[in-house]
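Enquirer: Build me a model from this:
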Amino acid sequence: MRKAASLLFAGGLAFLLAVLVAKLPFGETPMVLGKQVLAQGAEQTGTANLVTSVVVGYRAYDTLGELSILFTAALALGLVLGKRNAAAPRDPDAGLVLRASADLLLPLLLVVGFYIILHGHLTPGGGFQGGVIVAAALFIPILARPSRGLDHGVLVWLESLAGALFILIGLAALFQDGAFLEPLLGKGELGRLLSGGTLPLLYLLVGVKVGAELTGLLVNLADAEAVE
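Expert: Numbering: from 1, shown residues only. Down below sits the predicted model:
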């Protein structure tokens, strides 16, 4: 019965895909909305990077949902792993080479991470990519010096404040008779750092939230062997 059910599911899925492919017009792209974004995105949002126009402009509500999913994943992992036993000994610090490398990489990675975040509306990058680099920058020193640990309270405040401000900016657009998370403050000059209205600010908040939550995830995984 299990094999028959698997074959039936596979056959149904293959039939569905075949029907979808047969209905698609070959030689013509069905992405009508994508053409409109390419044609009007820079003018409407003031961002040179059209990916930014989509992520924190046209579909910013979906981006808020993605941030909620990341928050839920971090919360679930924290509940599963539990709280670290304060009496449990930490791993010894790494050698001189790794500690010195961590001290060198921390400021460099922070600069690169925030550069990618702040220039996400101009060049490829943005809050998600830069946030991952910021999380790596904060976690590498913990690997080099486990005895120091990390204050989870600061991470919680950072990600909570970033998420709240993201929503407040969206509500401010509603009060201005616009759509939720519609760009505010004017578009500025295309290609300039101060352009795109509130979209760069939204990306900054995304980067802070992603960086804080991923750092918390990594620290929880590193402490998994010393929980109650």
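Enquirer: What segments of the chain are strands?
Expert: With DSSP state E as the definition, the chain shows no strands.
Enquirer: For the chain, which residues score under the pLDDT cut-off?
Expert: 1-2, 25-31, 82-92, 149, 223-228 (pLDDT under 70).
Enquirer: Which parts of this structure are helices?
Expert: 2-23, 32-45, 50-53, 60-81, 96-118, 127-144, 152-175, 199-222 (DSSP state H).
Enquirer: and Glu182, which of the ones you listed is closest to it?
Expert: helix 152-175 (4.2 Å; CB to CB). Heads up, the C-betas are built off the backbone N, CA and C, glycines and all.
Enquirer: what's the angle from that closest one to helix 199-222?
Expert: Interaxial angle, helix 152-175 versus helix 199-222 (axes from the mean of the first three to the mean of the last three CA atoms, to 10 degrees): 150 degrees.
Enquirer: now the residue nearest the centre of the chain: how far from Ile117?
Expert: The chain has Phe128 as the residue nearest its centroid, 3.2 Å off, counting by CA atoms, centre = their mean. From Phe128 across to Ile117, the span is 9 Å (CB to CB, to the nearest Å).
Enquirer: do the same with Phe9
Expert: Taking CB to CB as the measure, Phe9 and Ile117 are separated by 43 Å.
Enquirer: More neighbours: which of those two?
Expert: Remark: of Phe9 and Ile117, Ile117 carries more neighbours, 27 against 10, as counted by other CB atoms under 10 Å.
Enquirer: OK, contacts around the more buried one?
Expert: Contacts for Ile117 (CB atoms under 8 Å, 6 or more residues apart in numbering) come out as Gly125, Gly126, Gly127, Gln129, Gly130, Gly131, Val134, Tyr203, Leu204, Val206, Gly207.
Enquirer: Return the distance of it relative to Gln36.
Expert: From Ile117 across to Gln36, the span is 27 Å (CB to CB).
Enquirer: cool, and Phe9?
Expert: Phe9 sits 37 Å away from Gln36, going by CB to CB.
Enquirer: and what of Ile133?
Expert: 32 Å.
Enquirer: Give me the more crowded residue out of those two.
Expert: For the pair Ile133 and Gln36, the greater number of neighbours falls to Ile133 (23 against 12), based on other CB under 10 Å.
Enquirer: Tell me who's in contact with the residue nearest to the centre of the chain.
Expert: Residues in contact with Phe128 (CB under 8 Å, 6+ apart) are Val206, Gly207, Val210.
Enquirer: Surely the last one is in contact with Ile133?
Expert: No: under the criterion of CB atoms under 8 Å, Val210 lies out of contact with Ile133, with a separation of 9.9 Å.
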